[in-house]
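# Kindly return the folded structure for what I paste below:
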Amino acid sequence: MKRQTYIITNIILAVLFISNNILSYDKIDYMRAVKRDRNLNGANLKGVDLIGADLYYADLRKADLREAILYSANLRGADLRGADLTRADLYKADLYKTKFSGAKLLEANLCKAILYNSNLKDVNFAGANFNGTDLYNADLRGANLSNTDFSEAILIGADLTGADLTNADFYKANLIGAKLSNTKLNKANFSNANLTVAKLSGVDLTGAKISNSDSSNANLSNSDLSRADLVNSRFNNAKLIKSALIGADLNNAILIGVNLSNTNLTNAILTNTNLLTANLYKSNMSEANLQGANLKNANLRMVDFTGANLNKVDLQGADLTGATLIGANLDDADLAGADLRRAKISAELKNKINQHQVINYDSISWEDVYIEKEKSK
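Predicted coordinates for the structure are as follows:
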């Protein structure tokens, strides 16, 4: 019995010794290959520890790098085309000018990695972590970036045209001048992000979180922001022409000089919103809540305010030519210098105005104003 135990123990030790030697040999062999001709084409590096490895311009085409540890590795100019880096750890890795065409980086950790000016077109990054990563001027066109973390990432000038960014997190990300046209952005989080001068035309931002963000001078025309959270956001001089903001929450937002012409804002919340000099020509604001909003000198020609709440709204100098105000609440609104020619209002509203329930109503000329007749009971 003792002899059998002795033999089994020695066999186990021998297996462990051989295994350790094989693993050590493999790693040494890989590093020798890199030093010799930098060729690791098709190599099996699954789970291998390559922390701080110098893989500068290495040939890693179609290599299996799943769950490989490449912490702070130097992969500048490396060829990773067709490689599988699923769940690989590339934290702080230098990936400048690395080739990624056809590569898989699902759930990879790219936190604080260097990827500026990189070509990442059509790469699958679903579920990847880009927290704090430098993606300045990177090409991410058509990439799968769903469920990715871009919080505090640098994406200045990056091109994400046509990318899938469903449920992506851009919290505090810098997207100045980024191109996001025709991308899928539903349920994306842009809270506290910088989107100034960004191109977001034709995007789906349904239900997106964009609160406390800055989208000044951005282009969001023909986009869908229905039910989006835009609280405390800034859209100064932005373009949202022919967009949909149905049920969107713009409470306390700043939209000075914004172009919202032909936009659907039905049931939107715009309480205490600053729309000074905004252009809302032919927009639909029926049933919208604008209590306390600033619409001073705004272009409100042909706007539909049916059933809207305009309580305490500043409409000084606003152009309401041809606007529909039937059923709207204008209690304590300031209409000094407002132009209501050809506007449509109810007889009830006219009575309220004449009964001093509207501030500075004296400047209103009732000529050419369409008064809806009271319905017979």
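
# CA only for contacts and neighbour counts going forward, please
OK.

# Return the set of buried residues in stretch 49-65.
50-65 (16 or more other C-alpha atoms under 10 Å).

# low-scoring stretches of this protein, by residue?
Along the chain, the model assigns pLDDT under 70 to residues 1-38, 350-368, 370-371, 373-377.

# Distance of the residue nearest the centre of it relative to Asp149?
The geometric centre of the chain, computed from its C-alpha atoms, lies nearest to Phe190 (C-alpha atoms, centre = their mean), at 4.6 Å. Going from Phe190 to Asp149 by C-alpha to C-alpha, to the nearest Å gives 11 Å.

# again, but for Asn272
Using C-alpha to C-alpha, Asn272 is found at 32 Å from Asp149.

# When the two are compared, which one has more neighbours?
More crowded of Asn272 and Asp149, by other C-alpha atoms under 10 Å: Asp149, with 27 against 20.

# List phi and psi for the more buried one.
Note on Asp149: its backbone torsions stand at phi -110, psi 110 [degrees, to the nearest 10].

# Would you agree it is in contact with Gly132?
No. Judged on C-alpha atoms under 8 Å, Asp149 makes no contact with Gly132 at a distance of 9.3 Å.

# and for stretch 77-85, what are the contacting residues?
55-68, 95-106, 108 (C-alpha atoms under 8 Å, 6 or more residues apart in numbering).

# Strands of the stretch 201-350 of the chain, residue ranges please.
Using DSSP state E, counting those that start in this stretch, the strands of the stretch 201-350 of the chain run over 344-346.

# What segments of it are helices?
Using DSSP state H, counting those that start in this stretch, the helices found in the stretch 201-350 of the chain span residues 347-354.

# Need the CA coordinates for stretch 162-170. PDB is fine.
What follows is stretch 162-170, C-alpha atoms only, in PDB (Å, rounded to 0.1, in the frame of the first residue of the first chain):
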ATOM      1  CA  GLY A 162     -23.100  53.900 -38.400                       C
ATOM      2  CA  ALA A 163     -21.800  52.200 -35.200                       C
ATOM      3  CA  ASP A 164     -24.100  50.200 -32.800                       C
ATOM      4  CA  LEU A 165     -23.900  52.100 -29.500                       C
ATOM      5  CA  THR A 166     -27.100  50.600 -27.900                       C
ATOM      6  CA  ASN A 167     -26.900  51.000 -24.100                       C
ATOM      7  CA  ALA A 168     -23.400  52.400 -24.300                       C
ATOM      8  CA  ASP A 169     -22.200  54.600 -21.400                       C
ATOM      9  CA  PHE A 170     -20.600  57.900 -22.300                       C
END
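
# Number the residues from 674 up from this point.
Okay, residue one is now 674; in that scheme the one you just asked about reads as stretch 835-843.

# contact partners of it?
In contact with stretch 835-843 (C-alpha under 8 Å, 6+ apart) are residues 813-826, 853-864, 866.

# switch the cut-off to 7 Å
The contact list for stretch 835-843, computed with C-alpha atoms under 7 Å, 6 or more residues apart in numbering, reads 814-824, 854-863, 866.

# ditto for stretch 878-895
Contacts with stretch 878-895, where a contact means C-alpha under 7 Å, 6+ apart, come from 858-875, 897-916.

# buried set for it?
By neighbour count with 16+ other C-alpha under 10 Å, stretch 878-895 contains the buried residues 878-895.

# what about that stretch, how long is it end to end?
End residues of stretch 878-895 are separated by 11 Å (C-alpha to C-alpha).

# what's the answer for stretch 717-728, then?
Terminal-residue distance, stretch 717-728 (C-alpha to C-alpha): 15 Å.
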